[in-house]
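Asker: how does the following fold in three dimensions:
(one chain, ligands or ions: 1)
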Amino acid sequence: MPSLSGKIALITGASRGIGAAVAVRFAAEGAHVILAARDVKGLEATDDAIRAKGGKATLVPCDVRDSSLIEDLARQVGERFGHLDIVVGNAGVLGELAPLADITPDIWAQVMNVNLTANWQLIRCFDALLKKSTAGRAMFVTSGLSETALAYWGPYSASKAGLDMLVKIYAAENAKTKLKINLIDPGEVRTRMHAQAMPGQNPEELPLPEAITDIFVKLADANLKETGKKFYVR
Ligand code: NAP
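Answerer: Numbering: from 1, shown residues only. Model prediction:
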């Protein structure tokens, strides 16, 4: 039997890249996947790939920065399924690579709101539903840049460093619950974000998102013991 048979999984940023690949993999492992992102065509393309393998998805076009949409989604998931088994906080933006003094308030807010605040909103709105699962699992996609002070990566790195702490604190708060909460550093992956960040690098040298989904399945497993840890794909 597939390892995620019957599980309900929410994945943000599932319209392309890593989130789309994780959604397709989770569906192939038997989960019903709820796909959140803004780009409807991208969500439909992920849905097509899921259906082609016999899987099932629910599409939720939304901007994760809109807290009322996250609240509505949690209410709808509660009404329809009564619980949530897995949440993958993956949606992310790069912002701009520039000296901190040149970053505009708009770029700063966009990066913090998508990469950090939206993941706290996921925790706030879905915590109760995750606790209704027999084996609630939460995983959040961070970056090697959360631990490396590289010039010009200010907003992105600060947002991911904040995410690391947010997730570790959520895990600490749940040390005595069934919830398992972890971070994933995916390494460099062939996606639109990576091409934007490193336009000079040959994408052919990088793994496709489909090649890094094993760790997501491992952290979604009902028998997982680890919590509050960062897992590296390298
Ligand atoms: P990507 O291809 O650019 O995908 C980013 C995803 O985030 C898209 O589905 C996008 O969907 C979604 N997103 C962005 N803003 C959103 C918003 N306001 N509301 C809802 N969804 C939003 O990038 P990726 O490389 O797959 O990135 C996925 C995660 O991996 C990110 O957290 C990133 O920081 C992390 N990461 C990637 C690499 C790498 O080498 N690729 C390395 C380290 C960490 P819409 O545009 O449709 O909304």
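
Asker: extract the C-alpha trace of the top helix by length along the chain and format it as PDB.
Answerer: If you go by DSSP state H, the chain has its longest helix at helix 154-173. Only the C-alpha atoms of helix 154-173 are listed here, as PDB (Å, rounded to 0.1, in the frame of the first residue of the first chain):
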ATOM      1  CA  GLY A 154      19.400  40.100   3.300                       C
ATOM      2  CA  PRO A 155      15.600  39.800   3.100                       C
ATOM      3  CA  TYR A 156      15.600  36.200   1.900                       C
ATOM      4  CA  SER A 157      18.200  35.000   4.400                       C
ATOM      5  CA  ALA A 158      16.600  36.900   7.300                       C
ATOM      6  CA  SER A 159      13.200  35.500   6.400                       C
ATOM      7  CA  LYS A 160      14.600  31.900   6.300                       C
ATOM      8  CA  ALA A 161      16.500  32.400   9.600                       C
ATOM      9  CA  GLY A 162      13.300  33.500  11.200                       C
ATOM     10  CA  LEU A 163      11.500  30.500   9.700                       C
ATOM     11  CA  ASP A 164      14.000  28.200  11.300                       C
ATOM     12  CA  MET A 165      13.400  29.600  14.700                       C
ATOM     13  CA  LEU A 166       9.600  29.700  14.200                       C
ATOM     14  CA  VAL A 167       9.600  26.000  13.300                       C
ATOM     15  CA  LYS A 168      11.900  25.000  16.200                       C
ATOM     16  CA  ILE A 169       9.700  26.800  18.700                       C
ATOM     17  CA  TYR A 170       6.600  25.200  17.300                       C
ATOM     18  CA  ALA A 171       8.300  21.800  17.700                       C
ATOM     19  CA  ALA A 172       9.300  22.700  21.300                       C
ATOM     20  CA  GLU A 173       5.700  23.700  22.100                       C
END
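
Asker: does it reach the ligand?
Answerer: No - for helix 154-173 and the ligand, the contact criterion (CB under 6 Å from any ligand atom) is not met; the two come no nearer than 6.8 Å. Yep, even glycine has a C-beta here, placed from its N, CA and C like the rest.

Asker: chain center to that helix: distance?
Answerer: 13 Å (CA atoms, centre = their mean, to the nearest Å).

Asker: wait, does the helix or strand just after it contact the ligand?
Answerer: Counting by DSSP states H and E, the next helix or strand C-terminal to helix 154-173 is strand 180-185. No - judged by CB under 6 Å from any ligand atom, strand 180-185 makes no contact with the ligand; its nearest approach is 6.6 Å.

Asker: quick check: phi and psi at the closest residue to S3 other than its chain neighbours.
Answerer: Nearest residue to S3, sequence neighbours excluded (CB to CB, 6 or more residues apart in numbering): E29, at 5.1 Å. The phi/psi pair for E29 (degrees, to the nearest 10) reads phi -90, psi 0.

Asker: can I assume E29 is in contact with M1?
Answerer: No - contact criterion CB atoms under 8 Å: E29 and M1 do not qualify, at 9.7 Å.
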